[in-house]
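K.L.:
Make a model of this:
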Amino acid sequence: MASKFTELAFDCADPEGLARFWCEVLGYEVQGREDGFVSIGSPEVPEGARRPGPVPPVLTFARVPEGKVVKNRLHIDVNPTDRDQAEEVERLLGLGARRADVGQGEGDTWVVLADPEGNEFCVLATRRP
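P.N.:
Numbers count the residues shown, from 1 in each chain. The predicted model follows:
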């Protein structure tokens with residue numbers, strides 16, 4: 001048997017703020033809170049309903065004293081589901097994301113953004129249902 005990807009953890013300065021941002025990005029909701037720690041995940045599926053595809057991982061945000069100082073070695077890719085890439089990028093910028101330059105080239109099919117604490121993520125061009 002293999003392991004299953006269930007959680008992605010973020011070290012951050014403001015767990016509540018970063019959790020709010022990613023809830024808006026992904027349509028997630030807060031699933032748990034403890035002192036300096038917030039977990040978010042996909043909304044619960046009503047009894048008898050089916051979720052298409054695999055269960056998405058939970059994201060956790062834990063307060064740490066040090067700040068981000070280098071490029072991420074791991075990042076999230078998101079796919080717009082109900083709008084095109086440019087519209088999704090504008091929506092995310094309105095939520096507090098900012099454009100990031102990580103050395104991407106001209107003509108790439110993805111747009112690199114950073115969340116409010118500087119964690120890079122990509123918005124892909126292909127829409128996924």
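K.L.:
Who's the closest spatial neighbour of residue 36, skipping the chain neighbours?
P.N.:
residue 63 (3.7 Å; C-beta to C-beta, 6 or more residues apart in numbering). For glycine as for every other residue, the C-beta is placed from the backbone atoms N, C-alpha and C.
K.L.:
residue contacts, that neighbour?
P.N.:
12-15, 36-37 (C-beta atoms under 8 Å, 6 or more residues apart in numbering).
K.L.:
Go again with 10 Å.
P.N.:
Contacts for residue 63 (C-beta atoms under 10 Å, 6 or more residues apart in numbering) come out as 11-16, 18, 35-38.
K.L.:
With residue 29 instead?
P.N.:
Per C-beta under 10 Å, 6+ apart, neighbours of residue 29: 19, 23, 40-44.
K.L.:
and if you look at residue 88?
P.N.:
By C-beta under 10 Å, 6+ apart, residue 88 lies in contact with 25, 78-82, 111, 113, 123-125, 127.
K.L.:
picking that back up, the contacts of residue 29 in helices, which ones?
P.N.:
Within the contacts of residue 29, residues falling in helices by DSSP state H are 19, 23.
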